[in-house]
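K.L.:
Fold the following, please.
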Amino acid sequence: MAKATTLKDIAERLGLSVPTVSRALGGHNDIALETRQLVKKTAREMNYRPNVHAKNLVTQQVSMENILILGVPNVLKSIAFNSYYAEIMRAFCDTIDTTRYRLVLSVSEENGPDFIDYHKLIRDHSASAAIVLDLQINDERVNELTRADIPLVVLGEYTPRGSRQCAVWTDNVEGAYLATRHLILRNRRKIALVGGLIGQMVSQSRLMGYRKALEEADIPFEEKLVVEPIEVDEHGGYTAMYELFHRNVEFDSVFCASDLRSIGVIKALRERGISVPEDVSVVGYDDLPIASYFDPPLTTIRQPTYKVGAYAMRSLEKLIRGEPVPQKRKVFLPELVIRSSA
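P.N.:
Numbering: from 1, shown residues only. Here you go, the predicted model:
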């Protein structure tokens, strides 16, 4: 990474003193308007970022720093109803130093009234660090944050670029493998997959784990048994099941990429008079609180969600302070939880 631009660098380029540059950036009226505009323009061109920690030391005051939390809108807009993301956010809030950092959650649609333009926050140097949820394949958000050179933690299978980044995730390939293998061990051979959203790294990984288990058992992979729903909730699972019915394909079990989709899948099966698990076994993913109370209780894959969120926030705070992070690529292991649905 290139050396961070300082006030001295800007002052030397413009032939001004450091105090003049500092006051110009602060908008002080004792500096001529033309000079203030020129200094701010040059600061943007040189990608200058104010050192909040240094300012705190000088002023003996603590300025709140913004930490961006970036998520895919159609996944996170119902965050209050999705226990996985609620648990991640709870871990963030429990772990963060609330006297120094403020979370800025950008989850709304770009044309919506509540949209937070994170691009502007980055351009204006109003964000000290960022966490990216729901990593996409070729994720442009990560590319933009890398160019901005701010501390970054990615929740997903990602290789950090430089010393100011790290990544943390649960092994989704292993989780999907465990779920599919469990069905195979119960003599299920026609295993449908109700997967995740197209373009998400997690969806790609769980598909890999599903295929790995099939291949190990010498079961041919059938594209027609895989459905990628548009929605991530119960309705997504419900409509995915009817897509399978429409295809008129034979299946004896379903692996769902989330517990929420499993609920919709089971509802659709019951509407067709298909019993779970007698006729069709169902395995979910996440082990949400509802999984153990649903009828039948869901066999699922448990993720250490809180640990993932806590590790991510602790690591980000270390990156902000310039401290080393023990593991730049931290991978947590999932576990199979067997209940009545399979």
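
K.L.:
Pick out the residue nearest the middle of the protein.
P.N.:
The residue lying closest to the centre of the chain (C-alpha atoms, centre = their mean) is residue 133, at 1.5 Å.

K.L.:
and that residue, how far is that from residue 207?
P.N.:
Computed as C-beta to C-beta, to the nearest Å, the residue 133 to residue 207 distance reads 20 Å. Using the backbone N, CA and C atoms, a C-beta is placed for each residue, glycine as well.

K.L.:
again with residue 257
P.N.:
Separation of residue 257 from residue 207 (C-beta to C-beta): 9 Å.

K.L.:
who touches both of these two?
P.N.:
176, 193, 195 (C-beta atoms under 8 Å, 6 or more residues apart in numbering).

K.L.:
What is the nearest of those residues to residue 291?
P.N.:
Top of the list for closeness to residue 291, among those and by C-beta to C-beta, is residue 176 at 16.5 Å.

K.L.:
Am I right that that closest one is in contact with residue 202?
P.N.:
No - here residue 176 does not reach residue 202: they are 9.7 Å apart, not a contact under C-beta atoms under 8 Å.

K.L.:
the more surrounded of those two?
P.N.:
residue 176 (29 against 24; other C-beta atoms under 10 Å).

K.L.:
Quickly find the element holding that one.
P.N.:
Counting by DSSP states H and E, the element that carries residue 176 is helix 172-185.

K.L.:
Toward the C-terminus from that helix, list the very next helix or strand.
P.N.:
Scanning forward in sequence from helix 172-185 by DSSP H and E, the next helix or strand is strand 191-194.

K.L.:
now that following strand, how far from the centre of its chain.
P.N.:
Distance of strand 191-194 from its chain centroid, counting by C-alpha atoms, centre = their mean, to the nearest Å, is 24 Å.

K.L.:
Then stretch 40-47?
P.N.:
On the basis of C-alpha atoms, centre = their mean, stretch 40-47 sits 31 Å off its chain's mean C-alpha point.

K.L.:
before we move on, what about stretch 131-140?
P.N.:
Using C-alpha atoms, centre = their mean, the offset of stretch 131-140 from its chain centre is 7 Å.

K.L.:
Can you tell me, leaving aside adjacent residues, what's nearest to the residue nearest to the centre of the chain?
P.N.:
What sits nearest to residue 133 in space, not counting adjacent residues and going by C-beta to C-beta, 6 or more residues apart in numbering, is residue 71, at 4.2 Å.

K.L.:
Ok, residue 95 next?
P.N.:
Nearest to residue 95 is residue 313, by C-beta to C-beta, 6+ apart, at 4.0 Å.

K.L.:
Do you know the pLDDT at that neighbour?
P.N.:
Looking at residue 313, its pLDDT is 94.

K.L.:
Would it be right to say that it lies in a strand?
P.N.:
No - assigned with DSSP: H, G, I helix; E, B strand; the rest coil, residue 313 falls outside any strand and is helix.

K.L.:
Now do the same for the closest residue to residue 42 other than its chain neighbours: helix, strand or coil?
P.N.:
Distances taken as C-beta to C-beta, 6+ apart place residue 10 nearest to residue 42, at 5.6 Å, with adjacent residues excluded. Put simply, residue 10 is helix when judged by three-state DSSP.

K.L.:
And for residue 16?
P.N.:
Assigned with three-state DSSP, residue 16 falls in the coil class.

K.L.:
Over to residue 230?
P.N.:
Following three-state DSSP, we place residue 230 in the coil state.

K.L.:
neighbours around residue 67, how many?
P.N.:
By the criterion of other C-beta under 10 Å, residue 67 has 25 neighbours.

K.L.:
list the contacts for it?
P.N.:
Residue 67 is in contact with 96, 101, 102, 103, 104, 127, 128, 129, 130, 131, 316, counting by C-beta under 8 Å, 6+ apart.

K.L.:
Need the contact partners of stretch 284-293.
P.N.:
Contacts for stretch 284-293 (C-beta under 8 Å, 6+ apart): 83-84, 175-176, 179, 206, 255-263, 297-303, 305, 337, 339, 341.

K.L.:
Mind doing that once more with 7 Å?
P.N.:
83-84, 175, 179, 256-259, 262, 297-298, 300-303, 337, 339 (C-beta atoms under 7 Å, 6 or more residues apart in numbering).
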